[in-house]
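Participant: Let's see this in three dimensions:
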Amino acid sequence: MRIDLLLNKLCLTKTRSIAKNACDKNLVWLNGKHAKASHEVKAGDLIRFDLYSFKHEIEILEIPAGNVAKKDLSKYYRLLDKSAIE
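Facilitator: This is a model prediction of the structure:
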């Protein structure tokens, strides 16, 4: 699944266009490298993104097949770090 679509499906960004713009502005990293919006994400990948005044680091546990209920989000990713951007 594309990284911009995944960030939106997992409710990590408010819209897919915000996720795409963040990738275009080099605010998203996939496994330590800057990610384009079209990069494919697999289970086990590490994603870091700087949005909403925070640095987020997550590990993808599973790729969702469709829409995800907010109560089921912990099944798909694990938050490794969330810290304020100075």
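
Participant: Show me what K82 is bridged to.
Facilitator: Counting by DSSP bridges, K82 forms beta bridges with H56.

Participant: State the distance from it to A65.
Facilitator: Per C-beta to C-beta, to the nearest Å, K82 is found 26 Å from A65. No exception for glycine: its C-beta is placed from N, CA and C like everyone else's.

Participant: CA atoms of the helix or strand encompassing S17 as CSV?
Facilitator: Assigned by DSSP states H and E, S17 falls within helix 16-24. What follows is helix 16-24 as a C-alpha-only set of coordinates in CSV (Å, rounded to 0.1, in the frame of the first residue of the first chain):
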residue,chain,number,x,y,z
ARG,A,16,-4.5,11.8,2.1
SER,A,17,-3.5,15.1,0.6
ILE,A,18,-1.9,16.2,3.9
ALA,A,19,0.1,12.9,3.8
LYS,A,20,1.1,13.4,0.2
ASN,A,21,2.2,17.0,0.8
ALA,A,22,4.2,15.9,3.9
CYS,A,23,6.0,13.3,1.6
ASP,A,24,6.7,16.0,-1.0
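
Participant: What's the first helix or strand after it?
Facilitator: Downstream of helix 16-24, the first helix or strand assigned by DSSP H and E is strand 28-30.

Participant: need the contact list for A65.
Facilitator: Listed by C-beta atoms under 8 Å, 6 or more residues apart in numbering, A65 has no contact partners.

Participant: about what we covered before: from the contact counts, what lies against the helix holding S17?
Facilitator: Judged by 3 or more C-beta pairs under 8 Å, 6 or more residues apart in numbering; DSSP states H and E, the packing partners of helix 16-24 are helix 3-9, strand 46-51.

Participant: one more time with 7 Å
Facilitator: helix 3-9 (3 or more C-beta pairs under 7 Å, 6 or more residues apart in numbering; DSSP states H and E).

Participant: Which residues does the helix it packs on contact?
Facilitator: For helix 3-9, contacts defined as C-beta atoms under 7 Å, 6 or more residues apart in numbering pick out 13, 15-16, 19-20, 23, 28, 30, 35, 37, 39, 41, 64, 67-68.

Participant: again, but for stretch 16-32
Facilitator: Here stretch 16-32 has contacts from 3-5, 7-8, 13, 34-37, 39, 41, 45-51, using C-beta under 7 Å, 6+ apart.

Participant: Done for today, thanks.
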